[in-house]
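In: Below is the structure, and that's it, no one-letter string:
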């Protein structure tokens, strides 16, 4: 068994050494002050995060996939981010995927020992037939998870691009990924509990990766969620209608009629309104513009 005492996420935090003796409000203040340092740690990794996003955008544009791989909290956050993409951006569920050591059971309770088998990580990559158009994004906040390194190693063998995210410096735990993201969040309030600062940092990074990638793929107009899946629940139908109202100035009733005429697709409805065309023509215009609403609407405005 390897000694991990040198790893930053395993160090004791001197500011929380008396944690169990503090009042509730004092514990709140301590945890809150530690959490306040996370954004700056993420900002310090700006260059590598942006490089990873460029890899992801290129992969998705070429028909490839983004595949997160992790164990425990890291794996759950990867699965969560993947699961949130289809309702938010109407993306194919296969486009962004999450793999967690131990499988679906590990999403709701710990599967002991699952993260210790690199061969299982490699098998998960083989099972998904990962190839050169894909990006495999390994997440291991402490940097050492064998399941993740096994997956990344097999992904490289299969010529996929690889990204590694850890919350420890590279001189403590090395990796061979194409892009190595190191968000150094320091010792946790509860020693070794990377579900805290490191987990929050991971969520922030993954949010940025998929959000920026989807914007670059034309799934956002201005700052509006125009590829929202309005067929999934009432809240998203309401959001789609309000987006149409904001952009077009239509009444709520007019927005609902427009959305219905567009078969629930906000992007199509926006183009139908802006270009005064039917649904079939709007869909063609969007295809010709690679799905970017602004290219259709702004082009018309320039002509007008």
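Out: Happy to help now that I have it. Please read these numbers as outputs of a predicted model, since none were measured by experiment.

In: Using the record, which stretches count as separate domains in this structure?
Out: 8-216, 234-303 (automatic domain parsing).

In: Kindly check the end-to-end length of the longest one for me.
Out: Domain 8-216 has its terminal residues 35 Å apart, counting by C-alpha to C-alpha, to the nearest Å.

In: any idea how far that domain is from the chain center?
Out: Averaging C-alpha positions (C-alpha atoms, centre = their mean, to the nearest Å) puts domain 8-216 9 Å from its chain's average.

In: mean confidence score for that domain?
Out: Mean pLDDT, domain 8-216: 96.

In: go on, the shortest one?
Out: Average pLDDT, domain 234-303: 92.

In: right, so of the domains of the chain, which gets closest to residue 2?
Out: domain 8-216 (7.1 Å; C-beta to C-beta). (Glycine included, C-beta is placed from N, CA and C.)

In: Could you double-check that residue 161 lies in contact with residue 178?
Out: Yes. Counting by C-beta atoms under 8 Å, residue 161 does reach residue 178; the two are 5.2 Å apart.

In: In this structure, which residue is most central in space?
Out: Closest to where the C-alpha atoms of the chain average out (C-alpha atoms, centre = their mean) is residue 206, at 3.4 Å.

In: picking up where we left off before, how about JSON lines for the domains of the chain, with distance to residue 226 added?
Out: Shown next, in JSON lines, are the domains of the chain (distance: least, C-beta to C-beta, whole Å):
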{"stretch": "domain 8-216", "distance to residue 226": "9"}
{"stretch": "domain 234-303", "distance to residue 226": "5"}
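
In: To residue 222, which of these lies closest?
Out: Nearest to residue 222, of these and by C-beta to C-beta, is domain 234-303 at 7.7 Å.

In: hmm, back to that, for the domains of the chain, state which one has the densest average packing.
Out: domain 8-216 (a mean of 19; mean count of other C-beta atoms under 10 Å).

In: residues shared between the contacts of residue 161 and residue 178?
Out: residue 55 (C-beta atoms under 8 Å, 6 or more residues apart in numbering).

In: Chain neighbours aside, what residue packs nearest to residue 195?
Out: residue 73 (4.5 Å; C-beta to C-beta, 6 or more residues apart in numbering).

In: Could you check how far that neighbour is from residue 181?
Out: According to C-beta to C-beta, to the nearest Å, residue 73 stands 16 Å off from residue 181.

In: again, but for residue 173
Out: Taking C-beta to C-beta, one finds residue 173 at 13 Å from residue 181.

In: overlap in contacts of those two?
Out: With C-beta under 8 Å, 6+ apart, residue 173 and residue 181 have common neighbours residue 166.

In: On the three-state scheme, residue 138 is what?
Out: Assigned with DSSP: H, G, I helix; E, B strand; the rest coil, residue 138 falls in the strand class.

In: Next up, the contacts around it.
Out: Residue 138 neighbours (C-beta under 8 Å, 6+ apart): 69-70, 145, 148-149, 151-152, 162-165, 175, 177.

In: again with residue 150
Out: 117-122.
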